[in-house]
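Participant: Please work out how this folds:
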Amino acid sequence: MNTDKIFNFIVDKDNLSVKVERSYNAPLDLVWSAWTEAELLDKWWGPKPYHVETKSMDFSEGGTWLYAMVSPEGAKHWAIRKFLKIAPRKSLTFRSLFCDENGKVDAATTGSTWATSFAEMNGVTLVTNDIRCDTLAHLEAQIKMGFKEGYSVCLDQLEEVVARLAKKGK
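Facilitator: Next comes the predicted model:
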């Protein structure tokens, strides 16, 4: 099994996008589950010391994942993921937006569209996120807010989750 981890993070302001590639020493099935099952997403999506609590999840085209990013003090920051396309074990495309606790998105809110693909070779799974922001201001705000650092923490947490799943033989 390959132990060299791939991690690439490329910002392209001209195309309002960020491309993130990360490899995991785990089979595709485990990585796919961690991206598509609420109880597993709750374990890695929020960067420590934050955590995520799922309110509802309908993993289907047209479905949504409504969740709160919870601060150490207990403040909840709500977000919704709207699933646009799902090709099981290959890719998923979704809109990511901030919202209220009922999933209502303010019309003035900008967000991003994520095209996430999965590929496995020799027990190593590569996940590629092509993230396109609605506006340059949104992209720059995400970068300034520490998206690279925070998402890197999340991806490390994902690695821990899939390693635990592999040990359990899921």
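
Participant: Only C-alpha atoms from now on, for both contacts and neighbour counts.
Facilitator: OK.

Participant: check contacts around the most centrally placed residue in the chain.
Facilitator: The centre of the chain sits closest to residue 45, judged by CA atoms, centre = their mean, with a distance of 6.2 Å. The contact partners of residue 45, by CA atoms under 8 Å, 6 or more residues apart in numbering, come to 51-52, 154-155, 157-158.

Participant: What's the separation between it and residue 33?
Facilitator: Here residue 45 is placed at a distance of 13 Å from residue 33 (CA to CA, to the nearest Å).

Participant: Tell me where the longest helix sits in this structure.
Facilitator: Longest helix of the chain, by residue count under DSSP state H: helix 147-168.

Participant: as a whole number, average confidence for that helix?
Facilitator: Averaging pLDDT along helix 147-168 gives 94.

Participant: residues in contact with that helix?
Facilitator: 9, 22, 24-26, 30-31, 34, 40, 43-48.

Participant: how does it look with 7 Å?
Facilitator: Contacting residues not belonging to helix 147-168 are listed as 24, 26, 30-31, 44-47 [CA atoms under 7 Å, 6 or more residues apart in numbering].

Participant: Go through the residues you listed and say which is closest to residue 115.
Facilitator: In terms of CA to CA, no member of the contacts of helix 147-168 lies closer to residue 115 than residue 31, at 15.6 Å.

Participant: ok, now which ones touch residue 76?
Facilitator: Counted by CA under 7 Å, 6+ apart, residue 76 has contacts 68-70.

Participant: and it, what are its bridge partners?
Facilitator: In this structure, residue 76 bridges to residue 70 when assessed by DSSP bridges.

Participant: and the gap between it and residue 112?
Facilitator: From residue 76 to residue 112 the distance is 20 Å (CA to CA).

Participant: give me the low-pLDDT residue ranges for the protein?
Facilitator: The model of the chain has pLDDT under 70 over residues 1-3, 170.
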